[in-house]
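[1] Below: sequence and its predicted model.
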Amino acid sequence: NYTLTQPTLSGDITAKELTITGITGSDKVYDDTTAATATGTFTLNGVAAGDDVFLGGSPVFTFASANVGTGITINTTGLTISGTDSANYTLTQPTLSGDITAKELTITGITGDNKVIDCLPNATVTGTASILGVISDDDILLGGNPAFMFVSVQVGADITINTIGYTISGTDSGNYTLTQPMLSADILVPSAMCQDIEVALNDSGQITILPIDIDNESYIDCGWSLKSVSPNTFFCNDIGTNIVTLTIGDENGNISTCQSTVTVFDNVAPTVTVNQDIIAELDDNGTVIIKNLRDVVPVVSTSDNCEVKSIFIKGGKKNRTFTCNDIATNPNIRIIRVKDVNGNKTDIPVNIIVQDNIDPIPLANDIVVQLDDNGVVSVNPNNLDNGSSDNCEIASFNLSKSNFTCNDIGNNVVTFSVTDVNGNTANTLVNIEVIGIELDYEYQDVTCFGLDDGMITLNYITPGAIVTVNTEIYDPNKLYPAGTYNIKAFYD
């Protein structure tokens, strides 16, 4: 009973939305712009099968913010679609995201300073620090309290210096990161420091010094120590100035040296021992001069750490000259001075015994003496002296026999002795002729006539007399020839 009329309706066919996949936003370092980039392959999604639709255009990617951040939206513009069916589609620009990381800033304008090792990491720099890498017009200021530290405290070259403490500030500082500067410098070998010294030889004539003796506060730390001084031992032949070298070093073989002057002197006085009195014997002139006491060793024994130069009696020649008069003042005290080759001296008293051991020289005259009326005679030895002499003084003359009697008539050989004031005696022989007393008789010249073989007959009164005829003993039995005779009578 019915017929159905199909309804006629109307509706809209809207463009189908197409999307793009296959690309991602790229991160970037802050550059004070919103420019962005993307990576990947553009893929158009949503095109119906068989439709003629193509993706094209020139895409532009833009960060929503130019400041540092993460996951920042990247807006895309400039992508288009074309083709016979493109009108049936609408293209949605892809929305991406990416990070803007802080821009690294560096510091220039400073250099590390070399330093001598001090066992500390502290370092210093020279120059004016400035920031490198700030984008023009950004508000960035460099500040902070920088500190610089060596990574090693040992001697070396180009040792890294770490830096801390620099900071940045300003309205744009959040978009930057500051890299502390990495510097380097040398840690140098320390300088050995020397000082001049004076040293005295010991009693053995030598002295040894140590490195510390000439060190003048050299750096001794962090493995560095005093190593040696050379030369280090000095002897008598080193008196005066000597150049020595001080060496300091570490366990790694690094060394430093310096030189100083070591003045060596000797102030040890000689040792002197007087073993006994000095005997000084007078000479033929009654004088003795002690010139060099080395001549009287071992009376004086000496020693010195170096060498004895001289031994003498102080006071000049007058104190070294002795005469006969000094025997009476024995012992004569004098001061001996011993000097060494370096001028050190020792004085010590010594007894000098002056002796006269030279005998007198005896000279005597022969003499004729006559018995007195008593038949005796005494001879004074002084009367026999004929210029005897002595280097000092003669004290006395003596005869081995000075009294004579009738028994001594004739020649007598007697010892004549001379003794000096110091008891020295010398002898010589002297002839003393003793004659008898002159007889009391009368005589007259007598002339006798007879043969050549006549006899002389004498009649004399005093018995015991000796009669001579021309010096021959009278012989009453002798025949005397003619001539003249001297007849003498005397007592023996």
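    Okay, I see it.
[2] which sections of the stretch 251-400 of the chain are below the confidence cut-off?
    For the stretch 251-400 of the chain, the stretches flagged by pLDDT under 70 are 292-298.
[3] the helices in it, which residues?
    Counting by DSSP state H, counting those that start in this stretch, the stretch 251-400 of the chain has these helices, from start to end: 317-320.
[4] quick one, strands of it?
    255-265, 271-274, 278-281, 287-289, 300-303, 308-313, 321-323, 332-340, 345-355, 367-370, 376-378, 394-399 (DSSP state E, counting those that start in this stretch).
[5] what comes into contact with the third one?
    I take that to be strand 278-281. 288, 290, 293, 296, 299-300, 322, 350-357 (CB atoms under 8 Å, 6 or more residues apart in numbering). For every residue, glycine as well, the C-beta is placed using N, CA and C.
[6] Just checking: what are the partner strands of that strand?
    strand 345-355 (parallel) (DSSP bridges).
[7] what is the residue nearest the centre of the chain paired to in the beta sheet?
    Geometric centre of the chain, nearest residue: V264, 4.1 Å, by CA atoms, centre = their mean. Note on V264: beta-bridge partners V199, G240, judged by DSSP bridges.
[8] Take the strands of the stretch 251-400 of the chain and lay them out in JSON lines including distance to T24.
    Below are these laid out as JSON lines (distance: least, CB to CB, whole Å):
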{"stretch": "strand 255-265", "distance to T24": "64"}
{"stretch": "strand 271-274", "distance to T24": "106"}
{"stretch": "strand 278-281", "distance to T24": "124"}
{"stretch": "strand 287-289", "distance to T24": "127"}
{"stretch": "strand 300-303", "distance to T24": "106"}
{"stretch": "strand 308-313", "distance to T24": "107"}
{"stretch": "strand 321-323", "distance to T24": "128"}
{"stretch": "strand 332-340", "distance to T24": "103"}
{"stretch": "strand 345-355", "distance to T24": "107"}
{"stretch": "strand 367-370", "distance to T24": "167"}
{"stretch": "strand 376-378", "distance to T24": "170"}
{"stretch": "strand 394-399", "distance to T24": "149"}
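[9] For V47, which of these is the nearest?
    Judged by CB to CB, the one of these that comes nearest to V47 is strand 255-265, at 84.7 Å.
[10] how about that closest one: buried residues?
    S256, T257, C258, S260, V262, V264 (16 or more other CB atoms under 10 Å).
[11] residue contacts, the nearest residue to L399 once chain neighbours are set aside?
    Closest residue in space to L399, ignoring its immediate chain neighbours: P381 at 4.6 Å, by CB to CB, 6 or more residues apart in numbering. P381 makes contacts with F397, N398, L399, S402, F416, S417, as judged by CB under 8 Å, 6+ apart.
[12] ok so the last one is a helix residue?
    No: if the criterion is DSSP: H, G, I helix; E, B strand; the rest coil, then S417 is strand and not within a helix.
[13] Chain neighbours aside, what residue packs nearest to G98?
    Closest to G98 by CB to CB, 6+ apart is G25, at 3.6 Å.
[14] which phi and psi does that neighbour have?
    phi -70, psi 140 (degrees, to the nearest 10).
[15] mind checking pLDDT for it?
    Here the pLDDT value assigned to G25 is 95.
[16] For stretch 44-64, what is the distance to the chain centroid?
    Counting by CA atoms, centre = their mean, to the nearest Å, stretch 44-64 is centred 100 Å from the centre of its parent chain.
[17] end to end, how far does it reach?
    Counting by CA to CA, to the nearest Å, you get 24 Å between the two ends of stretch 44-64.
[18] In it, which residues are buried?
    L44, V47, V53, L55, P59, F61, F63.
[19] that older thread, could you redo the buried residues of strand 255-265 as a markdown table and give each row distance to N114?
    Converted to a markdown table, the buried residues of strand 255-265 look like this (distance: CB to CB, whole Å):
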| residue | distance to N114 |
| --- | --- |
| S256 | 15 |
| T257 | 20 |
| C258 | 20 |
| S260 | 27 |
| V262 | 33 |
| V264 | 39 |
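[20] which one of these sits closest to T329?
    Nearest to T329 among those, with distances taken as CB to CB, is V264, at 45.6 Å.
[21] how about the closest one, what does it touch?
    When contacts are counted by CB under 8 Å, 6+ apart, V264 touches E198, V199, A200, L201, I207, F234, D238, I239, G240, T241, N242.
[22] and T273, bridged to which residues?
    Listed beta-bridge partners, T273: S301 (assigned using DSSP bridges).
[23] thinking again about what came up before, PyMOL command for the buried members of the contacts of V264?
    Those of these that count as buried under 16+ other CB under 10 Å are selected in PyMOL with:
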select buried, resi 199+201+207+234+238+239
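[24] Going by distance to C119, which of the contacts of V264 wins?
    V199 (31.7 Å).
[25] Might one say that that closest one is in contact with I207?
    Yes: counting by CB atoms under 8 Å, V199 does reach I207; the two are 4.9 Å apart.
[26] hey, what's in contact with both of these two?
    F234, V264.
[27] any idea which of the contacts of V264 is closest to G11?
    Nearest to G11 out of these is N242 (CB to CB; 122.5 Å).
[28] my guess is the closest one contacts V262, does it?
    Yes: N242 lies in contact with V262 (CB under 8 Å); the separation is 4.8 Å.
[29] list the residues that contact both of those two?
    Contacts common to N242 and V262, judged by CB under 8 Å, 6+ apart, are F234.
[30] Inside strands: which ones of the buried residues of stretch 44-64?
    Using DSSP state E, the members of these that fall in strands are L44, L55, P59, F61, F63.
[31] quick check, nearest of these to M193?
    So of these, ranked by how close each gets to M193 (CB to CB), first place is F63, at 65.1 Å.
[32] That closest one reaches I74, doesn't it?
    Yes: F63 is within contact range of I74, at 5.7 Å (criterion: CB under 8 Å).
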